[in-house]
Structures are given as structure tokens and as C-alpha cells.
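[1] Whatever this is, show me its structure:
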Amino acid sequence: MKILSVEPLAGTGDRNVLAEVLEEMGEVTRVAVDPAAPLAEALRLGLAEPADLALFWRTEAVAAGLLAIGLRRAVIVPSMAPRAGTYWQQFAGAARFVSFSRRQHEALQAHECRSAYFDHWPQPAGAVPARDFAPEAWRAVFVDAEPGRGATHGPRAGMPTRGIVAQQCRHLAIPDLTIPNLAIADPAALPAPPRTAASEGGNEGEGESPAEIEAEAHFVFASPAFGLAPGIDHATRRAMGRGQIVVAPDVAPANETIGHLASGILFDPKRPTDLPALTAQTAERLSQGARARAEIGHRMWLEDRPRLISVLKDDGQRWVGSDPSAHLGNAIQQALHRRAGGA
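    Numbering: from 1, shown residues only. The predicted structure is shown next:
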């Protein structure tokens, strides 16, 4: 089976989690395209050798450019760019959709598009670091810039900032907030670090890599660089796999990943300091819930793989009860009960 995988240029989209699946299905040619020049890229692809399956990962604009010259055997994994329903309707009969966002999946179906929903979870860390859940030992991390990107993140409506996170730490009684020293284009463009116990003691990631800081922290505060970027919420899901409590605004994609006070903490972006009171027992329970959610999510992703391959091949198989979120709450509660019983 010849497969063409059309993906954005490096650094312009989230990682294609279907790459490994495609490699199992056949001979894959991966083509990087510039999302800013969809028509030119569509013309280039239109001259390419036909494939048995064309997968457009976050590149629906390029797929749209191919409609006029014939778009066949195509599967689109849509980007999270806001688009009108009429935009998606142009693909009816020409392409199928695989969505990793429930809201997006439901919107596509509402506009008569063939869409299948999947929930990707990476394999959790091998072992959860031993943590002291006494409140005086709580440690938090806020990743304010993306490693290796050399980018700064200006304020966005409803998005956490250093100042907001410092206030949230005070409300949650977290004594230690660390903001790692990351590669940024202009350090002077960022606000001064919050005056928490950690920063007053000179602790802003010195002597530790961002990965080490992230792995040890009890709490991880989501940011546009960590967990709130469009696409699959890889960062949050990896943190949950380490048993960390992610604190995030109640917006997508975070609220499609985190169960409030079950596997993390969600807050109203308009009232970011309206947070619950936490005890050592609550924090430990949330940590266990996060790990359980990540373990169950990964297991369900693997179990759903045959359906994914069937959808990509469009082999006509019917799948009953294939919603990966069905009975998820019960599965998490059972996992926590078993873990508590074995303690």
C-alpha cells in the first residue's frame, strides 16, 4: 500500500502521532508543506504519483487546493484553526476525517462530514517519582517558553502568565514555584519572575534541566508553551503519566484531557484564583488519578488501534461501542480502588 503523508513544516504543527501506524500499513512517503502557501503546495502534490491513501496531517488547506483537480482516497486530520462549517462541507464525499478533539469531531459530524474520533495517550513514564505530599514540600513548575524554539509568548486572553501563576500558588499554598531558565529570544521581554519562596532563594532552574524540574514537581501549571498549544495535548498527558497534578484553564485542549478534581485542576480563566483548598490527602489522590488516567488512556489507545487502521483503510468494517471515552470514569475509579487495596 502506497501512502502519502502530508505534514506541516517542522515547528509549525504538533507531532504526527499516526506516523508509526502508517509505517505498519505500507510504504510511506512523508512530504513537508508550508501551511502559509497551500495552493502552491497543492499544485506540487497534484503532480506527484498517485497514492493508495493520502493523509493530510493538520494540512486541510492543502487538501482543499486539490479538490479542483481531484482529491481521492484522502483522510484529513484537521488543524485546530477556527473554520466555518461550510469550509468542512466542501470535503463531503471527497475525504474522510480522523479527529483527536471530541468537540471538533462532533462539529464535523454536524456538518455531514465522515469523522472518526480517537484519543491518543503516550506511554506513561516507567515509574512515578517518589514524592512527599506534605504541603510544605509541594513544588510547582511553570514553563513560560518552549525549549529550543527561542520564542516568547505574549499575554493572551485567558492564558496563564507568571503573575497569575504566582497568585495561584499563594491560593493553593504551594511554597515553591520554579520557572526554568529556557532558551528565549529576548529575556528582557519577559516580566520579572514572581517573588515566591523559590525565586527569593535564587531558585529559577539553576543546576537542573527543565526536564528534571518538570519530572520532580508535584504541580505543573499549563501555559501556551506547555499543554495549551493547539493540537494533541502531549505535554499535559506526559505530565499526568508522571503522576503530576496539572493546573490549567477550563478550555480546550486541557478540559478534554483533565478531569477537574479527579486527575487535575481546572479553573475559570476569568477567575483564575478561584481554586479549591488542598490537603496532603487531596494532592496525593489527584496525583494517583492523573497517573491512572494516563495509564488507562494509553491502554485504550492501543486497544483502539485496529479500529484506527480500519478507518484509515476504509475497509467497510463496522465497529460497535468504539467510543474511547465510554465508561472511562468507572475505569479510573476501579484502577484507583485496586491501587488503594494493594497499598
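[2] Excluding sequence neighbours, find me the nearest residue to the residue nearest to the spatial centre of the chain.
    Geometric centre of the chain, nearest residue: residue 233, 0.6 Å, by C-alpha atoms, centre = their mean. Nearest non-adjacent residue to residue 233, counting by C-beta to C-beta, 6 or more residues apart in numbering: residue 253, 4.2 Å away. From N, CA and C alone the C-beta is placed, and that goes for glycine too.
[3] Identify the residues contacting the one you found.
    80, 101, 227-228, 230-233, 236 (C-beta atoms under 8 Å, 6 or more residues apart in numbering).
[4] one step back: so what's the residue nearest to the centre of the chain up against?
    227, 253-254, 256-257.
[5] Tell me which two of those sit farthest apart.
    Pairwise distances across the contacts of residue 233 peak at 11.4 Å for 227 and 256 (criterion: C-beta to C-beta).
[6] Just want to know which of those two has more residues nearby.
    The neighbour count for residue 227 versus residue 256, taken as other C-beta atoms under 10 Å, is higher for residue 227 (27 against 17).
[7] and that one, what pLDDT?
    You'll see residue 227 listed with a pLDDT of 64.
[8] do residue 67 as well
    At residue 67, the predicted lDDT confidence score is 89.
[9] That one - how many residues pack around it?
    Here the number of neighbours of residue 67 (other C-beta under 10 Å) works out to 14.
[10] Report the separation between the closest residue to residue 218 other than its chain neighbours and residue 280.
    Among residues not flanking residue 218 along the chain, residue 138 sits closest, at 5.0 Å (C-beta to C-beta, 6+ apart). The gap separating residue 138 from residue 280 is 9 Å, by C-beta to C-beta, to the nearest Å.
[11] which residues are common contacts for those two?
    By C-beta under 8 Å, 6+ apart, no residue touches both residue 138 and residue 280.
[12] Which one of the two is surrounded by more residues?
    residue 138 (23 against 14).
[13] Would you confirm that the more buried one contacts residue 216?
    No - Residue 138 is beyond contact range of residue 216, at 11.4 Å (criterion: C-beta atoms under 8 Å).
[14] now the helices: where do they sit in this protein?
    In the chain, the helices defined using DSSP state H lie at 19-25, 38-46, 60-65, 85-89, 102-110, 162-172, 197-200, 210-216, 234-241, 280-303, 305-313, 328-342.
[15] And the first one, what does it pack against?
    Applying 3 or more C-beta pairs under 8 Å, 6 or more residues apart in numbering; DSSP states H and E, one finds that helix 19-25 makes contact with strand 2-8, strand 27-33, helix 305-313.
[16] In it, which residues are buried?
    Neighbour counts over helix 19-25 (16 or more other C-beta atoms under 10 Å) mark 22, 25 as buried.
[17] what comes into contact with it?
    Residues contacting helix 19-25 (C-beta under 8 Å, 6+ apart): 1, 3, 5, 28, 30, 53, 55, 305, 308-309, 312-313.
[18] Just the buried residues from those residues, in ChimeraX please.
    Typed into ChimeraX, the line below selects the buried ones among those, using 16+ other C-beta under 10 Å:
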select :3,5,28,53,55,308,312,313
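[19] now the contacts of helix 19-25 as JSON lines including distance to residue 265 and pLDDT?
    JSON lines is the format used below for those (distance: C-beta to C-beta, whole Å; pLDDT from 0 to 100):
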{"residue": "1", "distance to residue 265": "44", "pLDDT": "92"}
{"residue": "3", "distance to residue 265": "41", "pLDDT": "95"}
{"residue": "5", "distance to residue 265": "37", "pLDDT": "94"}
{"residue": "28", "distance to residue 265": "40", "pLDDT": "95"}
{"residue": "30", "distance to residue 265": "38", "pLDDT": "92"}
{"residue": "53", "distance to residue 265": "41", "pLDDT": "94"}
{"residue": "55", "distance to residue 265": "36", "pLDDT": "96"}
{"residue": "305", "distance to residue 265": "31", "pLDDT": "94"}
{"residue": "308", "distance to residue 265": "31", "pLDDT": "96"}
{"residue": "309", "distance to residue 265": "36", "pLDDT": "96"}
{"residue": "312", "distance to residue 265": "36", "pLDDT": "95"}
{"residue": "313", "distance to residue 265": "40", "pLDDT": "94"}
